[in-house]
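In: Here's my sequence, what's the structure:
(one chain, ligands or ions: 2)
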Amino acid sequence: LVFLGIESSCDDTAAAVVTGDGRILSSVVAGQNSLHADFGGVVPEIAARAHAERLDGVVEQALAEAGKDLSDLDGVAVTAGPGLIGGVMAGVMMAKGLVAGTGLPLVGVNHLAGHALTPRLTDGIGFPYVMLLVSGGHCQFLRVEGPEDFTRLGGTIDDAPGEAFDKLARLLGLPQPGGPSVEAEAAEGDASRFDLPRPLLDRPGFDMSFSGLKTAALRQRDELVAAQGGLYQRDRADLCAGFQAAVSDLLAGKAARVLKASPAPVLAVAGGVAANRTIRAALEKVSNDAGARFLAPPLALCTDNGAMIAWAGIERFRQGAADDLSLAARPRWPLDQRAAPMLGAGK
Ligand code: ATP
Ligand code: FE
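Out: Numbers count the residues shown, from 1 in each chain. Ligands and ions are numbered 1, 2, ... in the order given. Take a look at the predicted model:
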């Protein structure tokens, strides 16, 4: 099998060609950071227009780099949600155009399923496994029992950690995206200087909360600014270290709880925040303590990309799933809602 995957649900326009035995023949990602930089966040209208303008070229490049023509493909997979609706629609229209012209099968993919199935693409693991999806927009634990069998065990009840990292960085005057800047600062800092909360950590269940932590860190910053007229380098580093340690404790603490209640041979992570070395190390430790293998796909496959969509499309296709030209773009699409019914007339 050879599938083209198309992703345009947030601020990356991506396409990739992937084979049924898990070879990534090409993976092209055109980011939009510079387009949104002046606005302090992704602007949906700008994102949608950029996707519409770039999709053709990105798909063409992915095919060229893979050395494949449309006639070599066995199907086209596309993110059909959840995400910014203008971008998702642009991708779905692109995919429909390709299949209408060629008669290829069309498979609509849930973006989160793309992330959640990535460890099967990279490491060929079997089911079940537990997935921590932790990014700028998401934070949830999933139990994955099959290509379309996801159970959401718990997740953030407010902010996603990536967006909290970004906010903290912005208010400390550090460059975006905030995660890597905060991590770099934290390397020089003393995590114990500020007493930051660990909301919900000791509560039963698998839900998490990050907004109180963010607020507490910002309050510490304001107090320092009020007391000394600004922040010293030391203050920034200590705040970043304290914040990162708290996020790490929260994720690892809940991961330990999840693995205890829902044992699985593997804990896998995906999402940009999974790039953080302190967080990775903490998750690896709780996995090992629970007798589970810890898996973190390469960073380029942790963040948004077309390869994960192509792969998830292959997995759905193998289950007998296919959509038709009535495939709808969906802004919201919870992963544990069994896939088909709202996907239009697809089987
Ligand atoms: P989603 O894909 O969930 O809609 P997204 O596009 O924001 O959201 P990603 O591209 O997976 O998600 O991740 C980006 C986020 O990851 C940003 O918030 C960024 O700050 C964070 N991040 C990246 N590197 C690190 C790091 N080293 N430490 C902490 N956070 C990080
Ligand atoms: Fe994503």
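In: Roughly how far does the most centrally placed residue in the chain sit from Gly81?
Out: Geometric centre of the chain, nearest residue: Gly271, 3.4 Å, by Cα atoms, centre = their mean. As for Gly271, its distance to Gly81 is 17 Å (criterion: Cβ to Cβ, to the nearest Å). Glycine gets a C-beta too; all of them are placed from N, C-alpha and C.
In: Gly136 - that's part of a helix, no?
Out: No - assessed with DSSP: H, G, I helix; E, B strand; the rest coil, Gly136 is coil; it does not lie in a helix.
In: Unless I misread the structure, Arg219 falls within a helix.
Out: Yes - counting by three-state DSSP, Arg219 falls inside a helix.
In: do you know how far it is from Leu239?
Out: Taking Cβ to Cβ, one finds Arg219 at 11 Å from Leu239.
In: What segments of the stretch 151-300 of the chain are helices?
Out: 161-171, 178-186, 211-228, 233-261, 277-289, 299-302 (DSSP state H, counting those that start in this stretch).
In: So for Ala113, which of those helices sits nearest?
Out: helix 299-302 (14.3 Å; Cβ to Cβ).
In: Quick one: residues in contact with stretch 201-212.
Out: 139, 141, 153-161, 164, 197, 199-200, 247, 249-251, 253-254, 257-258, 261 (Cβ atoms under 8 Å, 6 or more residues apart in numbering).
In: actually stretch 229-247, not the one I typed
Out: Residues contacting stretch 229-247 (Cβ under 8 Å, 6+ apart): 161, 164-165, 168, 172, 174, 182-183, 185-194, 196-198, 210, 213-214, 217, 220-221, 224-225, 273, 276, 278-279.
In: near ligand 1, anything from stretch 49-59?
Out: No - applying Cβ under 6 Å from any ligand atom, one finds stretch 49-59 out of contact with ligand 1, separated by at least 13.5 Å.
In: no, scratch that, I was asking about stretch 98-118
Out: No - against ligand 1, stretch 98-118 shows no contacts by Cβ under 6 Å from any ligand atom, the least distance being 7.1 Å.
In: Filter the contacts of stretch 201-212 down to the buried ones and hand me the PyMOL line.
Out: Here is the PyMOL command that selects the buried residues among the contacts of stretch 201-212 (16 or more other Cβ atoms under 10 Å):
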select buried, resi 139+141+153+154+155+156+158+159+160+161+164+199+200+247+249+250+251+253+254+257+258
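In: Which residues of the stretch 201-347 of the chain lie near ligand 1?
Out: So far as Cβ under 6 Å from any ligand atom goes, the stretch 201-347 of the chain lies against ligand 1 at 271-273, 275-276, 303-304.
In: Of these, which is the nearest to ligand 1?
Out: Nearest to ligand 1 among those is Gly272, at 2.1 Å by Cβ to the nearest ligand atom.
In: Which neighbouring residues are in contact with the closest one, exactly?
Out: 134-136, 162, 177, 179, 302-303.
In: Whichever of these end up buried, select them in PyMOL.
Out: Remark: buried members of the contacts of Gly272, expressed as a PyMOL selection using 16+ other Cβ under 10 Å:
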select buried, resi 134+135+136+162+177+179+302+303
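In: Among the contacts of Gly272, which one lies nearest to Ser26?
Out: Nearest member of the contacts of Gly272 to Ser26, counting by Cβ to Cβ, is Thr303, at 16.8 Å.
In: what's the lowest-mean-pLDDT helix or strand in the chain in contact with?
Out: Lowest by mean pLDDT, DSSP states H and E among the helices and strands of the chain is helix 33-36, with a mean of 82. Outside of helix 33-36, the residues within contact range by Cβ under 8 Å, 6+ apart are 11, 42-43, 46-47, 50, 176-177.
In: Drop anything exposed from the residues you listed.
Out: 11, 42-43, 47, 50, 176-177.
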